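Asker: model this:
(chains A and B)
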Amino acid sequence: MTRNTMIDGWYPVGLASQLDAHGRVTALMGEPIAVRRGEDGNAKVTGGNGRDLPACIRYGHVWSSLGDPQKPLFAIPEADQPGRRLVDVGVVRVRCSPLRAVENFLDIAHFPFVHTDILGAEPHTEVQNYKVEIREDEDEVWATQVKFYQPQAAKSAEGGITTEYMYRVPAPTCSVLYKTCPPRPAEWDVITLFVQPLAEDLCDVWPWMALFDDETPMTDLIHFQQTIFVQDRSILENQIPRLLPLDPGMEIPTRADLTSVAYRRWLKRHGYTYGAQLVAQ
Amino acid sequence: MKLYDYALSPSCYKVRLMAALIGMTLDIRPVDFHPGCEHRGPELMALNPAGSIPILEDGDLVLTESSAMLVYLAAKAAAQWLGNDTAGRAARVQQWLSFSHRLTASLGAARLHEMLLRPGNIAALREQGIAALRELEAGLVEQHIRGQRFLASDRPTIADVACFPYVALAPDGGVSLDPYPAIRLWSRAVRSLEGFIEMPGIHRLHELTPAPVLEVGEA
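Answerer: Modelled structure (predicted):
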């Protein structure tokens, strides 16, 4: 068996706001880990055999790795802009491949059917052309110029608008979405999906947001995003095959699936196959 | 009328669904149940020492049990939903209202365990949930033999609203509804009621909405 190249990546393992000295036991790619606040106030993460694991706190979450991260955690420069509301949406566990959770987040064609009257509505089901690229310098997947008609795109949106999106995959189990910001047209709202791989077919999903919205109460922002994600959850738990197929043949993509195609190609190129299915298997 | 509400709570959804079905408007006060645990904070504990939601406030009246809220809404605005026109029916409604607590304690707890990482013995919770589903399936089959589509009557009552959410969300806790054809038929009947609203995990019946028509020049 080849080495799991995802082992050196950073993964979310808990909310920074809930970090305490008592800590919590969770898992990363099959290995039990413990996450707590150390005596120095920093996050302390230990692996199954008691060894210290790398740890950092960023974007509202504690991050760790089972291996030896070669790069710092990816940057989200917008997250540091003053004036943004930072929203800890909280964990939701899903019995699905961590890669499938990300892939679903990248898909817009399901909006009218799964997020009916919120992120989409019939008959506005068409996905217009958009651009997808694997950016070599950053080594990230990007989809830009994505446009979709939405009845209620955000908590701060009044009525239907055509929303513009950019999607970004900076790490195999993380995606950052930039979305039209109704109160500030010159800026993008940032909505992320951070996925903690517990096993190849089980994950804890930690959505997080950095929004320009001074009006909406925090609880409403949390509920809006939890509502969207839990609408996806039952779909994710019923996808077949459970692992994300990386080789052609299992599924027939359409034009609307360009982002998914690029994501799978990028995963395969790097050997990011934890949670994936290959023909050879 | 103010409802202390959590979007993902099936018990809160019972009250929202009841209000929608009888055309009543609630003043929704969102509670940060997860991840904030606001229901265990001082403000809500003062209102409900049990530390649970939903809580329904109407003037001096404070209700903390969802079945009582269903009774209150129905009695106020749509008494036919009480299903108390005969002694047998009234008793049947009460039977299912009490039964609905078993669904909360089994399927509801399994869902919280599987979805929001709350503690619990998942194997035991699923086993209790399956026992409750089998009982419900048998009850619905008997109703069909009597020629009645709903739990206590041929028309929906508060008993259906009390039992529907946790049953419909059983798969969230890893309990399949595939073995229960009468439950699936009943779920369809509930979801096709005039005024029905969904919650995350309970999808509307798309096939019952009119076929979408795309106007020329619209996309």
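Asker: for the lowest-mean-pLDDT helix or strand in chain A, packing partners?
Answerer: Averaged element by element with mean pLDDT, DSSP states H and E, chain A has its least confident helix or strand at helix A:111-114 (a mean of 89). Applying 3 or more CB pairs under 8 Å, 6 or more residues apart in numbering or on different chains; DSSP states H and E, we find helix A:111-114 packed against helix A:218-236. Just so you know, the C-beta spots here come from the backbone N, C-alpha and C atoms, and that holds for glycine as well.
Asker: in the helix it packs on, what's buried?
Answerer: A:219-236 (16 or more other CB atoms under 10 Å in any protein chain shown).
Asker: what does stretch B:167-187 give?
Answerer: Quick answer for stretch B:167-187 (16+ other CB under 10 Å): B:167-175, B:177, B:180, B:182-184, B:186-187.
Asker: also stretch B:143-156?
Answerer: Taking 16+ other CB under 10 Å as the neighbour-count basis, stretch B:143-156 is seen to contain the buried residues B:Q143, B:R149, B:F150, B:L151, B:A152, B:S153, B:P156.
Asker: where does pLDDT dip in chain B?
Answerer: B:207-210, B:217-219 (pLDDT under 70).
Asker: what's the distance between the residue of the stretch 151-281 of chain A found nearest chain B and A:A210?
Answerer: When scored by CB to the nearest CB, the stretch 151-281 of chain A has A:V230 as its residue closest to chain B, at 3.6 Å. Per CB to CB, to the nearest Å, A:V230 is found 21 Å from A:A210.
Asker: using the three-state scheme, assign residue 123.
Answerer: Picked chain A for this. Classification of A:P123 using DSSP: H, G, I helix; E, B strand; the rest coil returns coil.
Asker: who touches the least confident helix or strand of chain A?
Answerer: A:119-122, A:124-125, A:148, A:150, A:231-232, A:235, B:203, B:206 (CB atoms under 8 Å, 6 or more residues apart in numbering or on different chains).
Asker: and the contacts of the helix or strand following it?
Answerer: Remark: after helix A:111-114, the chain's next helix or strand is strand A:131-135, criterion DSSP states H and E. Identification of contacts with strand A:131-135 by CB under 8 Å, 6+ apart yields A:140-145, A:258-259, A:261-262, A:265-266, A:269.
Asker: next one: stretch B:130-139
Answerer: B:96, B:99, B:102-103, B:106-107, B:151, B:163, B:167, B:170, B:175, B:177, B:179-183.
Asker: those residues in helices, which ones?
Answerer: B:W96, B:F99, B:R102, B:L103, B:C163, B:V167, B:P181, B:A182, B:I183 (DSSP state H).
Asker: so what's the nearest residue to the fifth one once chain neighbours are set aside up against?
Answerer: Spelled out, it's B:C163. In space, and not counting its chain neighbours, B:C163 is closest to B:S100: 5.0 Å by CB to CB, 6 or more residues apart in numbering or on different chains. Going by CB under 8 Å, 6+ apart, B:S100 touches B:S67, B:A159, B:A162, B:C163, B:Y166.
Asker: of those, keep whichever come out buried.
Answerer: Buried among these by 16+ other CB under 10 Å: B:S67, B:A159, B:A162, B:C163, B:Y166.
Asker: specify which member of those residues is nearest to chain A.
Answerer: Set against chain A, the nearest of the buried ones among the contacts of B:S100 by CB to the nearest CB is B:Y166 (14.6 Å).
Asker: contacting residues for the closest one?
Answerer: Counting by CB under 8 Å, 6+ apart, B:Y166 has contacts B:P10, B:S100, B:L103, B:T104, B:L107, B:G108, B:R111.
Asker: please redo it, this time with the cut-off set to 7 Å
Answerer: B:P10, B:L103, B:T104, B:L107, B:G108 (CB atoms under 7 Å, 6 or more residues apart in numbering or on different chains).
Asker: now residue 200, nearest residue through space, not along the chain?
Answerer: Went with chain A since none was named. A:E200's closest residue in space is A:G275 (CB to CB, 6+ apart), at 4.8 Å.
Asker: look at chain B instead
Answerer: Nearest non-adjacent residue to B:P200, counting by CB to CB, 6+ apart: A:V230, 3.6 Å away.
Asker: right, and the one you found touches B:G201 too?
Answerer: Yes. In this structure, A:V230 is within contact of B:G201 by CB atoms under 7 Å, at 5.8 Å.
Asker: for chain B, which segments count as strands?
Answerer: B:2-5, B:27-30, B:55-58, B:61-63 (DSSP state E).
Asker: output the ones you listed in a markdown table; the columns should cover mean neighbour count.
Answerer: Output for those, formatted as a markdown table (neighbours: other CB atoms under 10 Å in any protein chain shown):
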| stretch | mean neighbour count |
| --- | --- |
| strand B:2-5 | 21 |
| strand B:27-30 | 16 |
| strand B:55-58 | 20 |
| strand B:61-63 | 14 |
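Asker: let's have the ones you listed in TSV, adding distance to chain A.
Answerer: Shown next, in TSV, are those (distance: least, CB to the nearest CB, whole Å):
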stretch	distance to chain A
strand B:2-5	9
strand B:27-30	4
strand B:55-58	15
strand B:61-63	20
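Asker: can you lay out those as CSV showing distance to B:A138?
Answerer: CSV is the format used below for those (distance: least, CB to CB, whole Å):
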stretch, distance to B:A138
strand B:2-5, 33
strand B:27-30, 36
strand B:55-58, 32
strand B:61-63, 31
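Asker: A:H61: which of those strands is closest?
Answerer: strand B:27-30 (23.0 Å; CB to CB).
Asker: show me the contacts for residue 104.
Answerer: Using chain A here. A:D232, A:L236.
Asker: that was the other one, I meant chain B.
Answerer: By CB under 7 Å, 6+ apart, the neighbours of B:T104 are B:S11, B:Y166.
Asker: ok, it to A:P82 distance?
Answerer: For B:T104 relative to A:P82 (CB to CB), the value is 44 Å.
Asker: bridging residues for the closest residue to A:H61 other than its chain neighbours?
Answerer: Leaving aside its chain neighbours, A:H61 sits nearest to A:P12 (4.4 Å; criterion: CB to CB, 6+ apart). Assessed by DSSP bridges, A:P12 has beta-bridge partners A:W63.
Asker: show me what contacts A:P12?
Answerer: A:P12 touches A:H61, A:W63, A:F194, A:Q196, A:W206, counting by CB under 7 Å, 6+ apart.
Asker: follow-up on the earlier one: so the residue nearest to A:E200 touches A:V94, yeah?
Answerer: No. The criterion here is CB under 7 Å, and A:G275 misses it with A:V94 at 11.7 Å.
Asker: hey, what's in contact with both of those two?
Answerer: With CB under 7 Å, 6+ apart, A:G275 and A:V94 have no common neighbours.
Asker: before we move on, back to that, and the contacts of B:S100, which is closest to A:D40?
Answerer: Lowest distance from A:D40 to the contacts of B:S100 (CB to CB) belongs to B:Y166, with 45.0 Å.
Asker: tell me how far the closest one lies from B:Y4.
Answerer: Taking CB to CB, one finds B:Y166 at 19 Å from B:Y4.
Asker: which one of the contacts of B:Y166 is nearest to chain A?
Answerer: Closest to chain A, out of all of the contacts of B:Y166 and judged by CB to the nearest CB, is B:P10, at 11.5 Å.
Asker: residue contacts, the closest one?
Answerer: Counting by CB under 7 Å, 6+ apart, the residues that B:P10 touches are B:G108, B:P165, B:Y166, B:L169.
Asker: so where do the helices sit in the stretch 151-281 of chain A?
Answerer: Taking DSSP state H, counting those that start in this stretch, the helices of the stretch 151-281 of chain A run over residues A:218-236, A:258-270.
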